[in-house]
Structures are given as structure tokens and as C-alpha cells.
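Chemist: I need the structure of the sequence given here:
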Amino acid sequence: MFPMNKEIKMRCGLKARVSDMNSDKVYNSYDLVGDIAIIKTPLDDMECSKKAAEAIMRLYHRRVKAVFMQTSAVQSDFRVRQLTFLAGENRTVTVYKEHGCLFKVDVERCYISPRLLFEHKRISELAVPGEVVVNMFSGVGCFSIFIAKTLNTKVYSIDINPVAYQFMQENVQLNNVSDSVIPMFGDSKEIVNSQLRGVADRVLMPLPELAFEYLPCALLALKRSGGCIHYFDFQHAARGEDPVEKTCRKVVNCLDLLGVTFNIAFSRVIRSIGPNWYQTVLDISVSDLPSKFL
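Modeler: Numbering: from 1, shown residues only. Have a look, this model is predicted:
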């Protein structure tokens, strides 16, 4: 039997503690970013939310210093969410640690997800020494910094959110990767077109809301010899449907129309994000590009 990790113990403990107040109203899976816990409860049940927050503070007072309730979906190109303060210290800035890297972040004004931990590690281990990476939606720099810390690789790290960009700059210094990671502020479509055409061996697209729209731009960033695109998407799949298969079909149709020679080297469901909705990832290996992308 595998040992239960700290996060699972915390979630189980919370569910047990709030069982007397209808724990079905409190998601037993919540985000813990640094020393800030973010829970999701019904918007019309503030009493339940505050009791859950108090339980977290009592059970995990050494680790959790602030508790917030998420009151909106992650939205806009800036990938921000609205939070309501519930307990502890009324602050949204924290330092999140993952795989030996440190990330300073404002959890209300920037996007960061501990649920991408496996993808951070998986993709960083796929990178090859000496290659050039373009991260089109880097946020505070998680993927970019993980790759740079793993091996000697140049990473162009782009984000349009000015707050995320500021934290990304700070995190590059915090993790001593300023020789490898180049923070860039702005829309990745404009930056690739003007500065990064044909430079990349590997392109990251960890923004499911925009990845499909920006896929032709990712192709522009690749070198003439091709390379790999890590494509993230949100996919609806009813009972009996495969969300990965649906994502593959959408991407294959697009790339076929563009005349690209490619294959899907890897695909998987990252997580469920709601009833019949899933986050998926594809590793697209591109071997030949039409002249319009060169």
C-alpha cells in the first residue's frame, strides 16, 4: 500500500471535520498554494464556507496562514479569479514551492495551479540540453523555470498579464535561472510574429482557452526542421466519449488543413474540471512545415 501524501491527508481531514454541516457543499479537493488555501463552496452559503475555513485553520495552522473562497471561474486572457477572504491573514501573495523551485505569486491576480505538478515535471524532463523553448503562456514562470532548472536550455517566457510578468521576473531571479529564462511581456502571437519566428525546438501552450486559436502561431515559432508542441485544451465529453480522442480529432483536422506533417506523440487527460469537462494535453511532433510557416 502506498503512503498517503500530506495533501490527501489534509483533504480527508477537512471532509471529516465538516461532515456535520453537509460536507457535500464543500469540495474535498481544494487548492493549496504556498500557505494559502483556496476552497470552492456554493456562493449562497457563506456560513458553510466560513466553517470550512475555520476547520482548515484549526487543523493545519502551521501550514495554512490564509483561507479564501473562489467566487468566479478563471477568466480573461490574464487568467484571474475572484476570491473572498474567509480566515487567517488577509493577503493573496505567497511563495509556492514545487520540485525544488520557488514561485512568488498573487493567487488572485495571477494564475498558478498545483494540479499541473505532474505536467511541470513531465515536460521539463522531455526537454533536451541546448534546445530553444518558447513558452507562449508562461504566467509566473512555472514551466519555464522548471525546464531551465532541469538542464541548460534557453526559454523565451511570454505572458500578457503585467502582474504575472512582474512575478515571473522576480521568480527567474529567485531560482537563479536568469542566464536561461528570458521573460517577455505582451501577446505571444505578436511577439512570435515580430521576434521569435523559427527559433524554437519546443513550444509550450499551457492556456487551454486560447491554445487552439494560437496553434498556427506556435507553428511559426518552430524551427524549419520542426519540433514539439505541448498543446493544452479543455474538452467536453459525454458518457461514452473520449475527451482525448475529441481533442486529437480537432487538432488533427486543423493541422491537416494547414498542410503540416506531424504525429501525436503523447496524449492524456490531466484532470476533470467539471461535469463532462476535462483538461487534456497533446505532445505534437512536427516534422515538416509548409513554406508559409518558414
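Chemist: contacts and neighbour counts: CA atoms only from here.
Modeler: Fine.
Chemist: For the stretch 101-250 of the chain, which segments count as strands?
Modeler: 101-106, 132-135, 154-159, 181-185, 202-205, 227-236 (DSSP state E, counting those that start in this stretch).
Chemist: What residues sit buried inside stretch 67-84?
Modeler: 67, 68, 69, 70, 78, 79, 80, 81, 83, 84 (16 or more other C-alpha atoms under 10 Å).
Chemist: Now do the end-to-end distance for that stretch.
Modeler: 9 Å (C-alpha to C-alpha, to the nearest Å).
Chemist: who touches that stretch?
Modeler: Applying C-alpha atoms under 8 Å, 6 or more residues apart in numbering, the external contacts of stretch 67-84 come out as 36-41, 43, 49, 53, 56-57, 85-89, 108-111, 160-161.
Chemist: and those, which of them are in strands?
Modeler: With strands taken from DSSP state E, the overlap with the contacts of stretch 67-84 comprises 36, 37, 38, 39, 85, 86, 87, 88.
Chemist: Next, count neighbours for the third one.
Modeler: Burial of residue 38 is recorded as 21 neighbouring residues (other C-alpha atoms under 10 Å).
Chemist: Equivalent analysis for the last one, please.
Modeler: Residue 88 is flanked by 17 other residues according to other C-alpha under 10 Å.
Chemist: Kindly reformat the strands of the stretch 101-250 of the chain as CSV containing mean pLDDT, mean neighbour count and distance to residue 242.
Modeler: Output for the strands of the stretch 101-250 of the chain, formatted as CSV (pLDDT from 0 to 100; neighbours: other C-alpha atoms under 10 Å; distance: least, C-alpha to C-alpha, whole Å):
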stretch, mean pLDDT, mean neighbour count, distance to residue 242
strand 101-106, 97, 21, 34
strand 132-135, 98, 26, 28
strand 154-159, 97, 25, 31
strand 181-185, 98, 20, 36
strand 202-205, 98, 24, 21
strand 227-236, 97, 23, 9
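Chemist: Would you mind giving these as a markdown table with distance to residue 269 added?
Modeler: Shown next, in a markdown table, are these (distance: least, C-alpha to C-alpha, whole Å):
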| stretch | distance to residue 269 |
| --- | --- |
| strand 101-106 | 25 |
| strand 132-135 | 21 |
| strand 154-159 | 25 |
| strand 181-185 | 28 |
| strand 202-205 | 15 |
| strand 227-236 | 9 |
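Chemist: Out of those strands, which is closest to residue 255?
Modeler: Smallest distance to residue 255 across these (C-alpha to C-alpha): 12.0 Å, for strand 227-236.
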